[in-house]
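Asker: below are the sequence and a predicted model for it; my questions follow.
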Amino acid sequence: MIKLIFPEKFVASLAKHTYPIQLEKDEQGWRYRADLGIERIGYKGETGENKLPSRIDDPSVFDWDNDGHPGATLKLSVPLLPDGELYVVQTGHSVLNGRIMDGGKIEGGIEVQNFQQRVLGARPSFLNRSPDIQADPKASRFRITPVQLGTTCRALKNEIGGSKGEDAGA
């Protein structure tokens, strides 16, 4: 009933990563591993630091998605209530572990080594609560599928019904 929306500015602000991939042959085929590293959203953290800011006026908090609000903005839609906004900071570190399948597809599980999120502010203010978020290892899955050479991002968005100036819902 509650719908969390990742605005286009949020999605556009996500870091563009490069990371090493490990491939290992075993008796069942090829194993795939990719450590995605640490990503900080809505604040500037020190390397190795695992503590999220707890106040909206903390000097490490900044307008990460350039929308005029501190931290990163998520939109919230709750039936019978006006739509809201959450101003959050977040850190995460995940590792992809899977197998290379027929046709070059890669499938597997996401090992969430760390995930923390804190709501620093909200509109309306009664939404200013930080939920306890726990990763579900059985539901944390990924799939990487090859695309035809020359395929553009726009073509992929159109094929999977991606946003055309709209917010991407989750």
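Answerer: Received the coordinates, thanks.
Asker: alpha carbons only for contacts and neighbour counts from here, please
Answerer: OK.
Asker: who does the closest residue to residue 70 other than its chain neighbours bridge with?
Answerer: Distance criterion CA to CA, 6 or more residues apart in numbering; nearest residue to residue 70, sequence neighbours excluded, is residue 63 at 4.4 Å. Taking DSSP bridges, one obtains residue 71 as the residues bridged to residue 63.
Asker: need the contact list for residue 63.
Answerer: Counting by CA atoms under 8 Å, 6 or more residues apart in numbering, residue 63 makes contact with 42, 69-72.
Asker: what's the farthest-apart pair in those?
Answerer: Spanning the widest gap among these are 42 and 69, at 10.0 Å by CA to CA.
Asker: more neighbours: these two, which one.
Answerer: Counted by other CA atoms under 10 Å, residue 42 and residue 69 do not tie: residue 42 has more neighbours, with 25 against 18.
Asker: my guess is that one meets residue 67, correct?
Answerer: No: counting by CA atoms under 8 Å, residue 42 does not reach residue 67; the two are 11.6 Å apart.
Asker: which stretches of this protein have low pLDDT?
Answerer: 47-49, 161-170 (pLDDT under 70).
Asker: relative to residue 150, how far out is the residue lying farthest from the centre of it?
Answerer: The centre of the chain is farthest from one residue, residue 27, which by CA atoms, centre = their mean lies 33.6 Å away. In this view, residue 27 and residue 150 are 34 Å apart by CA to CA, to the nearest Å.
Asker: that older thread, now distance to residue 4 too, for the contacts of residue 63, in CSV please.
Answerer: Converted to CSV, these look like this (distance: CA to CA, whole Å):
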residue, distance to residue 4
42, 17
69, 17
70, 18
71, 16
72, 13
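Asker: residue 93: which of those is nearest?
Answerer: Closest to residue 93, out of all of the contacts of residue 63 and judged by CA to CA, is residue 42, at 15.3 Å.
Asker: for the closest one, give me its contacts.
Answerer: Counted by CA under 8 Å, 6+ apart, residue 42 has contacts 61-65, 70-72, 88-90.
Asker: now do the helices in the protein.
Answerer: 8-13, 153-159 (DSSP state H).
Asker: residue 30: neighbour count?
Answerer: By other CA under 10 Å, neighbour count at residue 30 equals 15.
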